[in-house]
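Visitor: please find the sequence and the predicted model below.
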Amino acid sequence: METDQKGSGQKKLMIGIIIALILIISVTLYFVYSGHQDNTDLTAQKSELDSTFKSLSDTLDVRSAELEQITDRNTKLDSTVSNKQAMIVAERGQIALILKKANMTKSELEEAKGRIVQYEASISELQKTVDELCAQNQQLTQSNSQLSDSLTSEKKTTSDLNEQNKGLSQKVVLGSLLQLKQVDVNGVKQRQNGKETTVRYAKAAESLRISFETGQNTVLSNGTLSLYVRIINPNGETISVVDQGSGTIQLAKSGTQVQYTKKADIDWNQTSKKVLVYWTQNISSPGIYHVEIYQSGYLIGQGQVKLD
């Protein structure tokens, strides 16, 4: 009887121990499972944060590239914008350090979430700045285009006025030119009585006498009027003797330099004048001597004589 009671007590003790072990194992399994589940949730959340962070970082790179383009087209970025961009880059660095951890705690995960929210808000603000700068740049480009068009129009107007003034000046110059209807050229010599007579032989000619009438011209201002006489010998060469007053003039139309033989200065008062010009050098060769009269680089009259 006593033996049965003792066996029964041992049996109850074993059952109690088994039940206790079952409870311990169950609790342990529960915590292990719960911990595993928490780790799984943390891992999933971390993966989602990694994806969000990468997407936001790509967006930041795009915004930064846009800002660099705007900077290239304009002056340097405003210091406020530069500082803002630097702060966002710093935020990205801090988040990246947290997400580098292989095993994150729940508090670290929450911190990363908060920083990413702020990071996203900063990028949105940067996007707003980019849009504003783009709008300003577009407005500036439009203003510059309008200014360029205005300057082009003004230049065209100025060019037209210059052409008109040039045309008017040209008309004034042409209007001031004398119109020599006839230029007489003769070989002459003086007789013993002092009178002048024309000759037909080159050897007998002491000088060439060039005569013409200027005619009236009220456009040409009063004062000294210089006319340039060019004598061309039978060989087609301009007769030029420097110590006798020969020189060069520039032709108005072509701009080329030509020699002249003698300059004739006239005291001009807008009335017709008779002009006589004599030349004595290098006229001994027979042939045709051609004479041209120039005023301000324009040919205004010509004549010739043949000396046998």
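Guide: It's in. Numbers count the residues shown, from 1 in each chain.
Visitor: let me see the domain layout of this protein.
Guide: Annotated domains of the chain cover 2-143, 183-307 [automatic domain parsing].
Visitor: would you turn the ones you listed into JSON lines with mean neighbour count?
Guide: Every residue, glycine included, has its C-beta placed from N, CA and C. Converted to JSON lines, the domains of the chain look like this (neighbours: other Cβ atoms under 10 Å):
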{"stretch": "domain 2-143", "mean neighbour count": "13"}
{"stretch": "domain 183-307", "mean neighbour count": "15"}
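Visitor: could you tell me the least trusted of those domains?
Guide: Least confidently modelled of those is domain 2-143, at a mean of 67 by mean pLDDT.
Visitor: among the domains of the chain, which is nearest Leu151?
Guide: domain 2-143 (12.4 Å; Cβ to Cβ).
Visitor: residues contacting Val229?
Guide: Each residue near Val229 by Cβ atoms under 8 Å, 6 or more residues apart in numbering is listed here: 210, 260-264, 277, 279, 291-294.
Visitor: likewise for Val305?
Guide: 185-187, 208, 288-289, 291.
Visitor: same question, Gln250
Guide: Residues near Gln250 by Cβ under 8 Å, 6+ apart: 256-258, 297.
Visitor: quick one on the thing from earlier: can you list the domains of the chain in JSON lines and add distance to Lys155?
Guide: Listed next are the domains of the chain as JSON lines, based on distance: least, Cβ to Cβ, whole Å:
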{"stretch": "domain 2-143", "distance to Lys155": "18"}
{"stretch": "domain 183-307", "distance to Lys155": "26"}
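Visitor: could you point out which of those sits nearest Asp149?
Guide: Closest approach to Asp149 among the domains of the chain (Cβ to Cβ): domain 2-143, 10.6 Å.
Visitor: not counting residues beside it along the chain, what's closest to Thr271?
Guide: Once flanking residues are discounted, Thr271 sits nearest to Gln216: 5.9 Å by Cβ to Cβ, 6 or more residues apart in numbering.
Visitor: what do you get for Leu174?
Guide: Counting by Cβ to Cβ, 6+ apart, Leu174 lies nearest to Tyr298, which is 7.8 Å off, once chain neighbours are set aside.
Visitor: still on that earlier bit, dump the contacts of Val229 to CSV, plus distance to Arg200 and secondary structure.
Guide: Below are the contacts of Val229 laid out as CSV (distance: Cβ to Cβ, whole Å; DSSP: H, G, I helix; E, B strand; the rest coil):
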residue, distance to Arg200, secondary structure
Ile210, 17, strand
Tyr260, 26, strand
Thr261, 22, coil
Lys262, 23, strand
Lys263, 28, strand
Ala264, 25, strand
Val277, 20, strand
Trp279, 17, strand
Val291, 17, strand
Glu292, 22, strand
Ile293, 23, strand
Tyr294, 28, strand
